[in-house]
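**Q** Provide a 3D model corresponding to the input given below.
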Amino acid sequence: MARLAFQARSPINAGLSVTRQWFTSLGIWGVGAGTAALLLLSVTPLVKREFLVKVPVLGSYYEDKTPACDKPF
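**A** Residues are numbered from 1 along each chain as shown. Have a look, this model is predicted:
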């Protein structure tokens, strides 16, 4: 049967290891939440005009090409 040999770790290294795992997880969740928020808010004019039009690759897709005479306001 194999013996278990525990290696001593300093509290700082143990803390950094746990912190790195939490930051990785929180970063992934944050990117997912931000993407979901942009997807859900992409139909609002404010988000389109102020954010999505300024994105280099996607800007032309979100540009409003409706003529001024067809806009009610």
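**Q** Averaged pLDDT, stretch 7-19. What do you get?
**A** Averaged across stretch 7-19, pLDDT comes to 84.
**Q** Contacts made by it with the rest, please.
**A** Outside stretch 7-19, not one residue touches it by C-beta atoms under 8 Å, 6 or more residues apart in numbering. Every C-beta, even on glycine, is put in place using the N, C-alpha and C of the backbone.
**Q** Poorly predicted segments of this protein, please.
**A** 1 (pLDDT under 70).
**Q** Kindly list the longest helix within it.
**A** helix 11-41 (DSSP state H).
**Q** Report the buried residues of it.
**A** By neighbour count with 16 or more other C-beta atoms under 10 Å, helix 11-41 contains no buried residues.
**Q** what distance separates that helix from the centre of its chain?
**A** Centre-to-centre, helix 11-41 and its host chain are 10 Å apart (C-alpha atoms, centre = their mean, to the nearest Å).
**Q** if I look at the most centrally placed residue in the chain, how far off is residue 62?
**A** Residue closest to the average C-alpha location in the chain (C-alpha atoms, centre = their mean): residue 31, at 2.2 Å. Computed as C-beta to C-beta, to the nearest Å, the residue 31 to residue 62 distance reads 20 Å.
**Q** likewise residue 10?
**A** Distance of residue 10 to residue 62, given as C-beta to C-beta: 51 Å.
**Q** And for residue 35?
**A** 15 Å.
**Q** next one: residue 72
**A** According to C-beta to C-beta, residue 72 and residue 62 sit 20 Å apart.
**Q** ok, these two, which is more surrounded?
**A** It is residue 62, of residue 72 and residue 62, that has more neighbours when counted by other C-beta atoms under 10 Å, with 15 against 3.
**Q** now the more buried one, nearest residue through space, not along the chain?
**A** residue 52 (4.1 Å; C-beta to C-beta, 6 or more residues apart in numbering).
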